[in-house]
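1. This is the structure alone, sequence omitted:
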């Protein structure tokens, strides 16, 4: 019987799991993200001491080189984390474990899990957006993540500025792209306080809804996914944010795509913190 | 031997073709677009008098209902053309010709042809944008057009307004979405003259490049297609527009996706006016 491995490779920790063909978890462990050789040694020891795996799926922080024709396929391209820039995560795991390794962004891995087993179950297309310290997004169609010459970077989409909002934004590349305006860090830079300490009446909530709503309306115009799953710390910080984002999205579309039930389309994730690990198992070939 | 049919269904004419398995055209004819029953009668007579076809591919004006689970699958949803709103083009052709009928937007059909046989040949992903009286766009990946609950409507994307540009735009839904700002009709409404009569020094060219460049940079951030093909009357009106759009795209990305050779990525179509018909043949199952 095949046994599948999964890694959710994050900037803070590497989460690892082993499962049987029906995705039932056999073993699981987390390891802190240090220098690559240290962390990879922990990860390899976990998989080999548990008998190895038939194949492995990895959802990783990035950006990643995902061009299957490149010698750097599966490498982390650039990151402020010391030692990880240009580290070929896929090659290191493949040579140590001697099994096929599928790799994608952490966002695409989580999106795949939500599409097949979570909020998008039964629907052919889904966008998965995470809004936290950064903003990442992916598009899943018929069980596959959309890739071009690179993976999506829709967090750097430039929304139209809200009336009267002159905050310059904090993205080092673009200033006031979405990631420069609508992350927790952007709110802190703008207001000097965390979202958790921000009263409901503060105009920042409407600004966030306006900018995230522009992302949602743009996603609907570009790809019309059956579901847009919004996750991450910013989305979890205020239960009213979903309603305000749906209102802003409706205003931006102005009826163009017909009457849409955005309550059903723009939704929270349903797999919680397990989506990334489950996505890795699905990428490895486990049956949903 | 199978014989494939293709229709490019436009608001002015229906172009029809029959080809063998290698896409070599056997017969071809155009019919003016009148009321549906009149035009469809012409089309049916053409295909039946030429011996019928094994399967048919249709690229049509729209918007179209492309939900395979809907009873209205293959219908033109709403259009100012008298008689065509809610007309089920696919069902009418399928029942009269007694063969399978694949249908998609005219833009996706042309995009498929450009992806497999034209400007995107050999690359796994392509965006196809046509900028003329309207603005349409599609994304092709691994030989398939991206669909969600609807086909893309990226012409209605809302670009950030250029500094000093206060023109309200002409989109009946959104005012100053891309289609409200960057079509030939929008330029005429703004400046009182056609693009063909607009001198090279007119600032309208930079405004067009700015807005279309925002579409290109957004497409790159959402899907990173290997090629963005820009076609249509606006693009053909000025040979300098491509260079200006590439400059604007570069400025908007600000280096984020790494050094990109936009001369190779943002390109004109290479199949000319035949892309739609060829796309229909490919949809019908002809071998590229």
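-> Received it, and whenever you're ready, just let me know what you need. Just so it is clear, the model here is predicted, and its values are computed rather than measured.
2. hey, let's count contacts and neighbours off CA atoms from now on
-> OK.
3. Do a quick rundown of the strands in chain A.
-> Taking DSSP state E as the criterion, chain A contains strands spanning A:4-9, A:13-19, A:25-32, A:55-60, A:101-105, A:125-131, A:135-141, A:144-145, A:227-231, A:266-267.
4. average model confidence for the longest one?
-> Spelled out, it's strand A:25-32. The pLDDT scores in strand A:25-32 average 96.
5. next one: the fifth one
-> Regarding strand A:101-105, the rounded mean pLDDT is 97.
6. Residues touching it, excluding its own?
-> In this structure, residues lying in contact with strand A:101-105 by CA atoms under 8 Å, 6 or more residues apart in numbering or on different chains are A:55-64, A:66, A:74, A:90, A:93-94, A:151, A:283-284.
7. What count of nearby residues applies to residue A:251?
-> By the criterion of other CA atoms under 10 Å in any protein chain shown, residue A:251 has 15 neighbours.
8. mind checking pLDDT for it?
-> According to the prediction, residue A:251 has pLDDT 97.
9. quick one: it and residue B:19, what's the gap?
-> Relative to residue B:19, residue A:251 is positioned 46 Å away (criterion: CA to CA, to the nearest Å).
10. again with residue A:37
-> Per CA to CA, residue A:37 is found 59 Å from residue B:19.
11. Looking at those two, which is more packed in?
-> In this comparison of residue A:37 against residue B:19, neighbours counted by other CA under 10 Å, the higher total goes to residue B:19 at 20 against 13.
12. The more buried one and chain A, how far apart?
-> Applying CA to the nearest CA, to the nearest Å, one obtains 31 Å for the distance of residue B:19 from chain A.
13. residues near the closest residue to residue A:12 other than its chain neighbours, how many?
-> Spatial nearest neighbour of residue A:12, chain neighbours left out: residue A:33 (5.2 Å); criterion: CA to CA, 6 or more residues apart in numbering or on different chains. Neighbours of residue A:33 under the rule other CA under 10 Å: 18.
14. Could you pull up the contacting residues of the spatially most central residue of chain A?
-> The C-alpha lying nearest the average C-alpha coordinate of chain A belongs to residue A:107 (CA atoms, centre = their mean; 2.1 Å). Shown here is residue A:107, whose contacts under the criterion CA under 8 Å, 6+ apart are A:59, A:128-130, A:136-138, A:276.
15. give me phi/psi at residue A:70?
-> Note on residue A:70: backbone dihedrals following degrees, to the nearest 10 are phi -90, psi 150.
16. On the strand side of things, show who residue A:58 bridges to.
-> Each beta-bridge partner of residue A:58 is listed here, defined by DSSP bridges: residue A:7, residue A:103.
17. number of nearby residues for it?
-> 31.
18. which stretches of the stretch 51-200 of chain A have low pLDDT?
-> Low-confidence segments of the stretch 51-200 of chain A (pLDDT under 70): none present.
19. Now with 90, please.
-> Low-confidence segments of the stretch 51-200 of chain A, defined by pLDDT under 90, span residues A:62, A:68-69, A:78-81, A:133, A:163.
20. Wait, residue A:48 touches residue A:96, no?
-> No. No contact is recorded between residue A:48 and residue A:96 when judged using CA atoms under 8 Å, the distance being 9.3 Å.
21. Show me what from the stretch 151-288 of chain A comes close to chain B.
-> Counting by CA under 8 Å from any CA of the partner chain, the positions of the stretch 151-288 of chain A adjacent to chain B are A:151-154, A:156-161, A:173-174, A:218, A:220-226, A:252-256.
22. can you do 6 Å?
-> Residues of the stretch 151-288 of chain A lying near chain B by CA under 6 Å from any CA of the partner chain: A:152-154, A:160, A:173, A:221-226, A:254.
23. how about the nearest residue to residue A:117, chain neighbours excluded?
-> Once flanking residues are discounted, residue A:117 sits nearest to residue A:288: 6.7 Å by CA to CA, 6+ apart.
24. Distance check, the one you found against residue B:205.
-> Taking CA to CA as the criterion, residue A:288 is separated from residue B:205 by 52 Å.
25. The two: which has the busier surroundings?
-> Each of residue A:288 and residue B:205 had its neighbours counted (other CA under 10 Å), and the higher figure belongs to residue B:205 (20 against 13).
26. The more buried one: what's it in contact with?
-> The contact partners of residue B:205, by CA atoms under 6 Å, 6 or more residues apart in numbering or on different chains, come to none.
27. Could I get the pLDDT score of it?
-> Residue B:205 is assigned a predicted lDDT (pLDDT) of 96.
28. Relative to chain A, how far out is it?
-> According to CA to the nearest CA, residue B:205 stands 21 Å off from chain A.
29. Please report the distance of that residue from residue B:13.
-> Taking CA to CA as the measure, residue B:205 and residue B:13 are separated by 31 Å.
30. now the longest helix along chain A and strand A:135-141, what's the angle there?
-> The helix that spans the most residues within chain A, counting by DSSP state H, is helix A:204-223. Here helix A:204-223 runs at an angle of 30 degrees relative to strand A:135-141 (axes from the mean of the first three to the mean of the last three CA atoms, to 10 degrees).
31. returning to what we had before: neighbour-wise, which one of the residues of the stretch 151-288 of chain A next to chain B leads?
-> Of these, residue A:225 is surrounded by the most neighbours, 29 neighbours in total, counting by other CA under 10 Å.
32. For that one, which non-adjacent residue is spatially closest?
-> Using CA to CA, 6+ apart and skipping residues adjacent in sequence, the residue nearest residue A:225 is residue B:148, 4.5 Å away.
33. can you count the residues close to the one you found?
-> Taking other CA under 10 Å as the definition, residue B:148 ends up with a neighbour count of 22.
34. How about the contacts made by it?
-> If a contact means CA under 6 Å, 6+ apart, then residue B:148 has A:125, A:223-226 as its contacts.
35. so how far is residue A:197 from it?
-> Distance, residue B:148 to residue A:197, by CA to CA: 38 Å.
36. re the thing from before, got the angle for the longest helix of chain A vs strand A:227-231?
-> Using the same axes, to 10 degrees: helix A:204-223 against strand A:227-231 is 140 degrees.
37. Is residue A:3 in contact with residue A:55, as I believe?
-> No. With contacts defined as CA atoms under 6 Å, residue A:3 does not count as touching residue A:55, sitting 7.2 Å away.
38. so where do the helices sit in the stretch 151-288 of chain A?
-> In the stretch 151-288 of chain A, the helices defined using DSSP state H, counting those that start in this stretch lie at A:178-181, A:184-191, A:204-223, A:233-236, A:241-253, A:262-265, A:275-284.
39. how far is the longest one from where the chain is centred?
-> Put plainly, it is helix A:204-223. Averaged C-alpha coordinates place helix A:204-223 at 17 Å from its chain's average position (CA atoms, centre = their mean, to the nearest Å).
40. and what of the second one?
-> Helix A:184-191 has its C-alpha centroid displaced from the chain centroid by 21 Å (CA atoms, centre = their mean).
41. So which residues make contact with that helix?
-> Counting contacts by CA under 6 Å, 6+ apart, the residues outside helix A:184-191 that touch it are A:133, A:180, A:194.
42. switch the cut-off to 8 Å
-> Counting by CA under 8 Å, 6+ apart, A:132-133, A:167, A:169-170, A:179-181, A:193-195, A:204, A:233-234 sit against helix A:184-191.
43. For ChimeraX, what selects the buried ones among these?
-> If you want just the buried ones from these in ChimeraX, going by 16 or more other CA atoms under 10 Å in any protein chain shown, the selection is:
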select /A:132,167,169,170,179,180,181,195,204,233,234
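44. farthest-separated two in the contacts of helix A:184-191?
-> Using CA to CA, the two most remote members of the contacts of helix A:184-191 are A:167 and A:233, lying 21.4 Å apart.
45. Now for the nearest residue to residue A:146 once chain neighbours are set aside, how many residues are close by?
-> Distance criterion CA to CA, 6+ apart; nearest residue to residue A:146, sequence neighbours excluded, is residue A:139 at 5.5 Å. Using other CA under 10 Å, the number of residues around residue A:139 comes to 28.
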